[in-house]
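Asker: I'll drop the sequence and a predicted model, then ask my questions.
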Amino acid sequence: IFRFCIVAAGIIRRERNGIGSEIIENSYKIWQSNLKRKHGHDYHGNFTTELFETWFSKLCETLATKYGPCKIHHDGASYHKNQINPAPTTRTRNADIQEWLVSEEIWNDPSYTKAELLLLVRANKPKPVYQATKIATAYDHLVYFTPLYHPELQPVELIWAHAKNQVADDPASSMPELKAKIDAEFDTVVSDTWINAYEHVQEFEEKYMQQADACELAANAVDNVDGGVRDAEEGDNTEHDGSDVNDED
């Protein structure tokens, strides 16, 4: 079995005449996969946090130089979310927890147990800061994360599918041949390919937004019904001795 890992990024941009799109210059990288797939997992083990952050730094620089400030959309892959301000956990030594609390200017007593220290940690845990976000903001970009388990919100997933399906239709007999086929397929990914993927994702976004609006309307309707019942009950009680007016509260 021949395996390769591929990383690339595409851009969708508004232009005077509509929408433009392409694979970002120098973002397409391909290398041979050395790790076998584990049961129930994908091949992300071949793409480490260090590799990603090196690639991402260059990508952000290219974006800033060629396009200016951009909005970057990531999925929830672990290497996208390398947290640089992790809080202590149950595996952290007491001394290290206390040191973290001091660094956060949170008072704690030296006699506190780990459970007591972790209660302080949980009450004061900072908002996660990710290295990818730090890299991007240095170039004036913004980073967004799509919800977990929603690949349909990532246009690049359709680009992967396009390339893989084309290669699968004409299997290679060697690693060099496979690489050549993959390279050739990505050369066929033109502006219209990205735009079609982007518009397909927008259909899901609009559907989810409509569902969210419907849920909000339903919740408001329930609140209004509850309020109406409560008002009626309180109005009725004013005609009696009022002893159970506030029973619900």
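Answerer: Ah, there it is. On a predicted model such as this, the values are computed, not experimentally measured, just so you know.

Asker: Grab the nearest non-local neighbour of the residue positioned nearest the centre of the chain.
Answerer: Nearest to the geometric centre of the chain sits Phe145, at 2.5 Å (Cα atoms, centre = their mean). Once flanking residues are discounted, Phe145 sits nearest to His74: 5.3 Å by Cβ to Cβ, 6 or more residues apart in numbering. Placement of C-beta: from N, CA and C, glycine included.

Asker: Can you get me a residue count around that neighbour?
Answerer: 19 (other Cβ atoms under 10 Å).

Asker: can you check Ser78 too?
Answerer: 12.

Asker: Kindly export stretch 76-86 (C-alpha atoms) in PDB.
Answerer: Taking Å, rounded to 0.1, in the frame of the first residue of the first chain, the C-alpha atoms of stretch 76-86 are listed here in PDB:
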ATOM      1  CA  GLY A  76     -10.300  20.700  15.600                       C
ATOM      2  CA  ALA A  77      -7.200  18.600  14.800                       C
ATOM      3  CA  SER A  78      -4.900  18.500  17.800                       C
ATOM      4  CA  TYR A  79      -2.000  20.200  16.100                       C
ATOM      5  CA  HIS A  80      -4.300  23.100  15.300                       C
ATOM      6  CA  LYS A  81      -5.000  23.500  19.000                       C
ATOM      7  CA  ASN A  82      -1.600  23.500  20.700                       C
ATOM      8  CA  GLN A  83      -2.400  25.300  23.900                       C
ATOM      9  CA  ILE A  84       0.300  27.600  25.200                       C
ATOM     10  CA  ASN A  85      -1.300  28.400  28.500                       C
ATOM     11  CA  PRO A  86      -2.400  25.000  29.900                       C
END
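
Asker: Tell me the buried residues in that stretch?
Answerer: Tyr79, His80, Lys81, Asn82 (16 or more other Cβ atoms under 10 Å).

Asker: In JSON lines, list those along with pLDDT and distance to Cys60.
Answerer: Below are the buried residues of stretch 76-86 laid out as JSON lines (pLDDT from 0 to 100; distance: Cβ to Cβ, whole Å):
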{"residue": "Tyr79", "pLDDT": "93", "distance to Cys60": "15"}
{"residue": "His80", "pLDDT": "95", "distance to Cys60": "13"}
{"residue": "Lys81", "pLDDT": "96", "distance to Cys60": "16"}
{"residue": "Asn82", "pLDDT": "97", "distance to Cys60": "15"}
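
Asker: All the helices of the chain, residue numbers only.
Answerer: For the chain, the helices defined by DSSP state H occupy 49-66, 94-103, 114-123, 131-137, 155-168, 175-187, 191-237.

Asker: okay if I get those helices as CSV plus distance to Arg14 and mean neighbour count?
Answerer: As requested, the helices of the chain are exported to CSV (distance: least, Cβ to Cβ, whole Å; neighbours: other Cβ atoms under 10 Å):
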stretch, distance to Arg14, mean neighbour count
helix 49-66, 15, 16
helix 94-103, 44, 15
helix 114-123, 43, 14
helix 131-137, 20, 19
helix 155-168, 15, 16
helix 175-187, 24, 14
helix 191-237, 11, 12
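
Asker: which one of those lies closest to Phe2?
Answerer: Taking Cβ to Cβ, helix 175-187 is the member of the helices of the chain nearest to Phe2, at 4.8 Å.

Asker: Run the chain-centre distance for the closest one.
Answerer: Mean-position distance between helix 175-187 and its chain equals 29 Å (Cα atoms, centre = their mean, to the nearest Å).

Asker: Contacts for that helix next, please.
Answerer: 2, 4, 6, 8, 23, 28, 30, 32, 162-163, 166-167, 170, 172 (Cβ atoms under 8 Å, 6 or more residues apart in numbering).

Asker: ok, of those, which one's closest to Thr133?
Answerer: Ala8 (20.6 Å).

Asker: how close does Asn46 get to Tyr79?
Answerer: Look at Asn46 and Tyr79: by Cβ to Cβ, to the nearest Å, they are 11 Å apart.

Asker: wait, I meant Asp183
Answerer: Asp183 is 24 Å from Tyr79, by Cβ to Cβ.
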